[in-house]
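# Could you work out the structure for the sequence below:
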Amino acid sequence: MLLRKLPLPFLIAILACIAALLPKTASAWQERTAEETLKESERSFSNEAGHGSVTFGLNYYQNDDNGDGNPFLDEALTDIEPVIIFDYNVTDRFSINGDLSYDYVSSASLKRLDGLGHQSGATGDYYYGANLGGAYKLNPDLRIGGSLSFSTEYDYDSIGLGSFVARDLNNKNTTLKLNLNAFQDSIDVIRWNGWQGVRWDGLESSEESETDDRTTLSLTGNWYQIITPTTHSELGISATHQSGFLETAYNFVVMEYDDPDHDPPSRTLGPDSFHPLTRDDDLLDLDEDITGQIYSEKLPDTRTRGSIFGRVRTSLSPATAVELGGRLYADSWGISSVTIEPRLYQWLIEDKLSARLRYRFYAQTAADDYSAHFEMADPPTFRTQDSDLGDFTANGAGIKFSWYVSETLRFDVSGDYILRSDGIDQVLGGAGFNWAF
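Just a heads-up that it's a prediction; the model follows:
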């Protein structure tokens, strides 16, 4: 009965991934990238019991907003994230791993909520996350594992469960892996004006639940293949199904009047009007001649996503390797995207200093329910002006340096800059060290 209720693309992905784990199959998948594979080998100093590693990192993210995206909202955001990652071999068969992270987020959307008289709880702009996992080697060619995660932010709590099974074939030249993850989120529905339990659509208000839920189920099948001693590849397929409250509670859309001289309604009847005489420009970012009313964002309560991705990496010399990766994505909301990402790995000082260069191209179509402008005369049932659901292209470049102080100590520093066609340009940076013991 459960399989009958799942969307067809999700069911097909389940059957395909189960088939990938059967012996002597030619169809299997692996999401792990070449860089992640390298990290896995570096992370543990030894497979022997009592050995492991600890990584301390500090990440930085910032995006600007020049107004080309959502015309009614300043979408600038800054995120600072310290993180700790560890893994430890309890025995030669059983290992544990985990991570702890904290994010401090500063954004216009959160500042808009801070201090509003009717808000309930939207005073913090933080994120805490924790994950604990384990893996067990059933035999030299078969591994199983699982994970438990928890995260919390000012307006939601999330708990996640994960599991995997991995099988080595062809003298370990082939690795097939199947991952299943599930997340259950509890959301405080705090609207754009700080109200909770009340939904405003123009001048009309309606009661709604102060909390809601979201369920996510994701299945990923992976195939990692050693083609030659110097060339490795990964290929993967992933399907995700979400249900529940999928919109962003504090997002809103503007229903614009055809007549800019339309008389503004009384502020006592509802939230701030977008008429120039009544709006609060400290909270909103509007052109002077825009008039309209605020409606809450509303999106469908189900979403199915699918992607196919892969990478090929080859060594040109003992000091140089190149990699080409790509991804195709589509979902039931009408978004489709393509990603192309070449990379260069280079030893600058043999066994001491390495560099990784990458370029990333990304292009996305808009969701069916996205528009930069909506008319008051014909408000749609579903609507969003979230720039991340609009159409845009992005070009990004990044570099990472790794300094190997010894066999057990490594320092990393990285930076990326991304140019988006909708003006939401992004800066990413990171620094940290890994200690293996």
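
# Give me the buried positions along the longest strand seen in the chain.
For the chain, the strand with the greatest residue count under DSSP state E is strand 211-228. Using 16 or more other Cβ atoms under 10 Å as the test for burial, strand 211-228 gives Asp212, Arg214, Thr216, Leu217, Ser218, Leu219, Thr220, Gly221, Asn222, Trp223, Tyr224, Gln225. From N, CA and C alone the C-beta is placed, and that goes for glycine too.

# Over to stretch 385-404?
Applying 16+ other Cβ under 10 Å to stretch 385-404 flags 385-392, 394, 396, 398, 400, 402, 404 as buried.

# mind listing which of these are in strands?
Phe392, Ala394, Gly396, Gly398, Lys400, Ser402, Tyr404.

# ok, and the closest non-adjacent residue to the fourth one?
What sits nearest to Gly398 in space, not counting adjacent residues and going by Cβ to Cβ, 6 or more residues apart in numbering, is Asp416, at 3.3 Å.

# Let me know whether the one you found touches Asp425 as I believe.
No. Under the criterion of Cβ atoms under 8 Å, Asp416 is not in contact with Asp425, lying 11.2 Å apart.

# Is there a neighbour count for Thr408? I'd like the number.
For Thr408, the neighbour count with other Cβ atoms under 10 Å is 13.

# per-residue pLDDT, it?
Per-residue confidence (pLDDT) for Thr408: 96.

# Just give the nearest non-adjacent residue to it, would you?
Ala436 (4.5 Å).

# pLDDT below threshold where in the protein?
1-46, 66-71, 73-74, 107-124, 259-291 (pLDDT under 70).

# 50 - rerun?
For the chain, the stretches flagged by pLDDT under 50 are 1-6, 8-46, 112-124, 264-283, 288.

# Centre-most residue in it?
With distances taken as Cα atoms, centre = their mean, Asp388 lies nearest the centre of the chain, 11.5 Å away.

# where do the strands sit along the stretch 151-300 of the chain?
Ranges of strands within the stretch 151-300 of the chain are 156-169, 174-188, 198-201, 204-207, 211-228, 231-244, 252-256, 292-296, based on DSSP state E, counting those that start in this stretch.

# okay if I get these as JSON lines plus distance to Ser95?
Listed next are the strands of the stretch 151-300 of the chain as JSON lines, based on distance: least, Cβ to Cβ, whole Å:
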{"stretch": "strand 156-169", "distance to Ser95": "13"}
{"stretch": "strand 174-188", "distance to Ser95": "16"}
{"stretch": "strand 198-201", "distance to Ser95": "48"}
{"stretch": "strand 204-207", "distance to Ser95": "50"}
{"stretch": "strand 211-228", "distance to Ser95": "19"}
{"stretch": "strand 231-244", "distance to Ser95": "22"}
{"stretch": "strand 252-256", "distance to Ser95": "47"}
{"stretch": "strand 292-296", "distance to Ser95": "46"}
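
# Quick check: which of these is nearest to His51?
Nearest to His51 among those is strand 156-169 (20.3 Å), distances taken as Cβ to Cβ.

# Look up how far Thr91 lies from the residue nearest to Thr408.
Separation of Ala436 from Thr91 (Cβ to Cβ, to the nearest Å): 18 Å.

# returning to what we had before: which of the buried residues of strand 211-228 sits closest to Ala249?
Among the buried residues of strand 211-228, Asp212 lies closest to Ala249 (Cβ to Cβ), at 8.5 Å.

# Which stretches in the stretch 301-437 of the chain count as strands?
For the stretch 301-437 of the chain, applying DSSP E, counting those that start in this stretch gives strands covering 302-317, 320-331, 336-349, 353-364, 374-375, 392-404, 409-420, 426-436.

# I'd like to know which of the ones you listed is closest to Val253.
strand 374-375 (5.7 Å).

# and that closest one, what does it pack onto?
Applying 3 or more Cβ pairs under 8 Å, 6 or more residues apart in numbering; DSSP states H and E, one finds that strand 374-375 contacts strand 252-256.

# strand partners of the strand it packs on, parallel vs antiparallel please.
Sheet partners assigned to strand 252-256 using DSSP bridges are listed as strand 292-296 (antiparallel), strand 374-375 (parallel).

# who's in contact with the residue nearest to the centre of the chain?
Ile424 (Cβ atoms under 8 Å, 6 or more residues apart in numbering).

# Distance of it relative to Asn251?
Asp388 is 10 Å from Asn251, by Cβ to Cβ.

# which ones are touching Val254?
The contact partners of Val254, by Cβ under 8 Å, 6+ apart, come to Phe72, Phe274, Ile290, Gly292, Gln293, Ile294, Tyr295, His373, Phe374, Gln385.

# again with Ser337
Contact analysis of Ser337 by Cβ under 8 Å, 6+ apart lists Arg327, Leu328, Tyr329, Ala330, Tyr362, Ala363, Gln364, Thr365.

# Check the gap between it and Ser218 for me.
17 Å.

# now Ile159
For Ile159, the distance to Ser218 equals 14 Å [Cβ to Cβ].

# Kindly report the same for Ser186.
Applying Cβ to Cβ, the value for Ser186 to Ser218 is 19 Å.

# Check Leu316 too.
Distance from Leu316 to Ser218, by Cβ to Cβ: 36 Å.

# One more: Thr320?
Distance from Thr320 to Ser218, by Cβ to Cβ: 35 Å.

# For stretch 375-392, measure first residue to last.
23 Å (Cα to Cα, to the nearest Å).

# for stretch 57-77, same thing?
Stretch 57-77 has its terminal residues 20 Å apart, counting by Cα to Cα.

# Then stretch 224-240?
21 Å.

# now swap in stretch 239-258 and tell me
In stretch 239-258, first residue to last residue: 42 Å (Cα to Cα).

# In that stretch, which residues are buried?
By 16+ other Cβ under 10 Å, the buried positions in stretch 239-258 come out as 239-242, 244-257.

# Buried residues, stretch 322-337. List them.
Neighbour counts over stretch 322-337 (16+ other Cβ under 10 Å) mark Glu323, Gly325, Arg327, Tyr329, Ala330, Asp331, Ser332, Trp333, Ile335, Ser337 as buried.

# how much space between Val322 and Trp333?
Distance, Val322 to Trp333, by Cβ to Cβ: 35 Å.

# Adding distance to Gly197 as columns, could you present the contacts of Val254 in JSON lines?
Output for the contacts of Val254, formatted as JSON lines (distance: Cβ to Cβ, whole Å):
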{"residue": "Phe72", "distance to Gly197": "24"}
{"residue": "Phe274", "distance to Gly197": "24"}
{"residue": "Ile290", "distance to Gly197": "29"}
{"residue": "Gly292", "distance to Gly197": "25"}
{"residue": "Gln293", "distance to Gly197": "20"}
{"residue": "Ile294", "distance to Gly197": "17"}
{"residue": "Tyr295", "distance to Gly197": "17"}
{"residue": "His373", "distance to Gly197": "30"}
{"residue": "Phe374", "distance to Gly197": "25"}
{"residue": "Gln385", "distance to Gly197": "24"}
